[in-house]
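# predicted coordinates and the sequence they were generated for:
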Amino acid sequence: MELYEAMRLRRSIRDFSDEAIPEETLTKIVASAYTAPANDHFRDWHYIVITDRELMKAAVNGVPKDLTEKSVDEMTFISDPVQKESYRVAVPKQYRMLTDAAAVIIPLMKKKTDILNPGSLSDLNCYASVWCSIENVWLAATSEGYGCNLRIPLNDEEKIARDVLGFPEEYMIPCFIGIGRPAKDAVKTVQLEVDLDKMIHWQKF
């Protein structure tokens with residue numbers, strides 16, 4: 001698939017078929033992470049790829065399983081109707097979208113600074129870099145005909161995953177990624193239209 005087509009077609013997918021992904025294809029998709037730019041050139045990210053169903057469930061066991069559309073109605077920061085509808089699709093599926101996926105991919109980044117309490121914007125360089133690698137994974141998955149979703153860990157979700165998977169304390173999880181072949185009836189939320197003439201500025205704002 002051509003790059004611009006992959007970018008255009010990329011959507012968050014939370015409903016999957018039962019189709020497995022060949023190991024060589026998963027390797028190819030995850031390997032694309034290491035073509036991303038890195039702030040320090042080391043690209044010392046690790047990726048854990050889980051295809052064992054029981055291990056997937058154990059690793060993401062901290063993700064809430066009882067969220068509903070009512071949970072979205074209680075999120076007072078949402079006002080835009082398109083955004084609210086997107087949340088209504090996404091929020092109740094936070095656990096299932098991972099455990100129903102063909103694989104869960106977990107990026108790991110080394111804690112080089114306290115990114116939750118940065119002293120300057122430069123302290124976030126390592127975090128920005130790993131997200132560049134994650135975007136590569138998403139686009140590679142799309143180009144192979146697969147879909148992805150992500151969940152940023154909250155509360156004790158990272159600790160539970162660390163206890164199950166055994167990765168060192170000096171690494172943190174920026175997100176969980178569910179990947180698989182989209183179900184035929186997979187819900188694809190409406191994207192907000194962007195007026196490029198208003199958002200892209202030439203020479204000055």
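Cool, got the structure.
# downstream neighbour of the helix or strand where residue 125 lies in the secondary structure list?
Element membership for residue 125 (DSSP states H and E) is helix 125-143. Under the assignment DSSP H and E, the closest C-terminal helix or strand after helix 125-143 is strand 147-151.
# what's downstream of that following strand, the next helix or strand?
helix 157-165.
# in the helix or strand encompassing residue 56, which residues are buried?
For residue 56, the host element (DSSP H and E) is helix 53-59. Residues of helix 53-59 classed as buried by neighbour count (16 or more other C-beta atoms under 10 Å): 56-59. Every C-beta, even on glycine, is put in place using the N, C-alpha and C of the backbone.
# what's the answer for stretch 168-177, then?
Buried residues in stretch 168-177 (16+ other C-beta under 10 Å): 171-174, 176-177.
# tell me how far that stretch lies from the chain's centre.
12 Å (C-alpha atoms, centre = their mean, to the nearest Å).
# for stretch 43-54, same thing?
Put simply, stretch 43-54 sits 13 Å off its chain's centre (C-alpha atoms, centre = their mean).
# may I see the buried residues of that stretch?
45, 47-50.
# repeat for stretch 14-22
So for stretch 14-22, counting by 16+ other C-beta under 10 Å, buried means 14-16, 21.
# equivalent analysis for stretch 114-133, please.
Buried residues in stretch 114-133 (16+ other C-beta under 10 Å): 115, 125-127, 129-130, 133.
# what about the strands in this structure?
46-50, 103-110, 147-151, 171-172, 176-180 (DSSP state E).
# out of those strands, nearest to residue 197?
strand 147-151 (30.2 Å; C-beta to C-beta).
# who does that closest one touch, helix- and strand-wise?
Packing contacts for strand 147-151, counted by 3 or more C-beta pairs under 8 Å, 6 or more residues apart in numbering; DSSP states H and E, involve helix 96-99, helix 125-143, strand 176-180.
# rebuild the ones you listed as TSV, extending it with distance to residue 202.
Formatted as TSV, the helices and strands packed on strand 147-151 follow (distance: least, C-beta to C-beta, whole Å):
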stretch	distance to residue 202
helix 96-99	40
helix 125-143	25
strand 176-180	35
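# would you mind giving the ones you listed as JSON lines with distance to residue 3 and mean pLDDT added?
Below are these laid out as JSON lines (distance: least, C-beta to C-beta, whole Å; pLDDT from 0 to 100):
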{"stretch": "helix 96-99", "distance to residue 3": "26", "mean pLDDT": "98"}
{"stretch": "helix 125-143", "distance to residue 3": "7", "mean pLDDT": "96"}
{"stretch": "strand 176-180", "distance to residue 3": "19", "mean pLDDT": "98"}
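# out of the ones you listed, which gets nearest to residue 204?
helix 125-143 (25.3 Å).
# which residues touch the closest one?
Helix 125-143 has contacts (C-beta atoms under 8 Å, 6 or more residues apart in numbering) with 1, 3, 6-7, 9-10, 28-30, 32-40, 43, 45, 105, 107, 109-110, 112-113, 115, 147-148, 150, 174-175, 177, 179.
# what's the nearest residue to the residue minimising distance to the centre of the chain if we skip its chain neighbours?
The centroid of the chain falls nearest to residue 150 when counting by C-alpha atoms, centre = their mean (2.8 Å). The spatial neighbour of residue 150 that comes closest, neighbours along the chain excluded (C-beta to C-beta, 6 or more residues apart in numbering), is residue 175 at 4.4 Å.
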